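> What follows is a predicted structure for the sequence shown.
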Amino acid sequence: MRRMVPAGLMMGSLACASLAFAVDNGQFENVPPDVRAWFKSVIAPNGVPCCDVSDGHRTSYDVRDGTYWVPIEGRWMAVPERAIIRDRGNPIGEAVVWYVHHRGDIIISCFVPADAV
């Protein structure tokens with residue numbers, strides 16, 4: 001199953017991993033307060049906060065042999081089970097992935113499927 005999101009709906013991001021800071025330059029000023037609150041409240045299964053609205057990326061995804069895959073910076077990456085959040089709901093109805101750059105690698109820290117409940 002593949003869900004595609006138009007490029008115009010992608011969200012910007014800055015690294016937020018090891019407590020790096022997020023920057024909201026007003027690009028998300030039209031995000032309703034309840035959605036903004038949801039982004040701030042999402043926590044990975046290991047207890048680490050996913051960060052904020054400016055750190056999440058709306059994304060397309062694919063499911064291959066029971067594993068979620070997301071495109072990040074032009075390449076498809078498997079979402080590790082430790083990053084999948086299924087119990088926080090999803091008020092935007094589109095998949096969201098949070099990732100960071102770390103020592104030349106891309107680390108997926110959180111992923112909420114479009115149909116999370």
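Great, that's in hand. Numbering: from 1, shown residues only.

> what packs against the helix or strand where residue 71 lies?
Per DSSP states H and E, residue 71 falls inside strand 67-72. On a contact count with 3 or more Cβ pairs under 8 Å, 6 or more residues apart in numbering; DSSP states H and E, strand 67-72 meets strand 56-59, strand 61-64, strand 75-78, strand 95-102, strand 105-112. Where you see a C-beta, it was placed from the backbone N, CA and C, and this is true even at glycine.

> can you put those strands in CSV and add distance to residue 31 and mean neighbour count?
Shown next, in CSV, are those (distance: least, Cβ to Cβ, whole Å; neighbours: other Cβ atoms under 10 Å):
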stretch, distance to residue 31, mean neighbour count
strand 56-59, 11, 22
strand 61-64, 21, 15
strand 75-78, 26, 12
strand 95-102, 12, 22
strand 105-112, 15, 20
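
> picking up where we left off before, direction included, what does the strand holding residue 71 pair against?
Strand 67-72 pairs in its sheet with strand 61-64 (antiparallel), strand 75-78 (antiparallel), by DSSP bridges.

> Can you list the low-confidence ranges for the chain?
1-29, 52-54, 117 (pLDDT under 70).

> ok, so what distance separates the residue nearest in space to the middle of it from residue 45?
Nearest to the mean C-alpha position of the chain, by Cα atoms, centre = their mean, lies residue 97 at 2.0 Å. Distance, residue 97 to residue 45, using Cβ to Cβ, to the nearest Å: 15 Å.

> Show me what the residue nearest to the centre of the chain bridges to in the sheet.
residue 57, residue 111.

> isn't it right next to residue 114, touching?
No: here residue 97 lies out of contact with residue 114, judged by Cβ atoms under 8 Å, at a distance of 11.3 Å.
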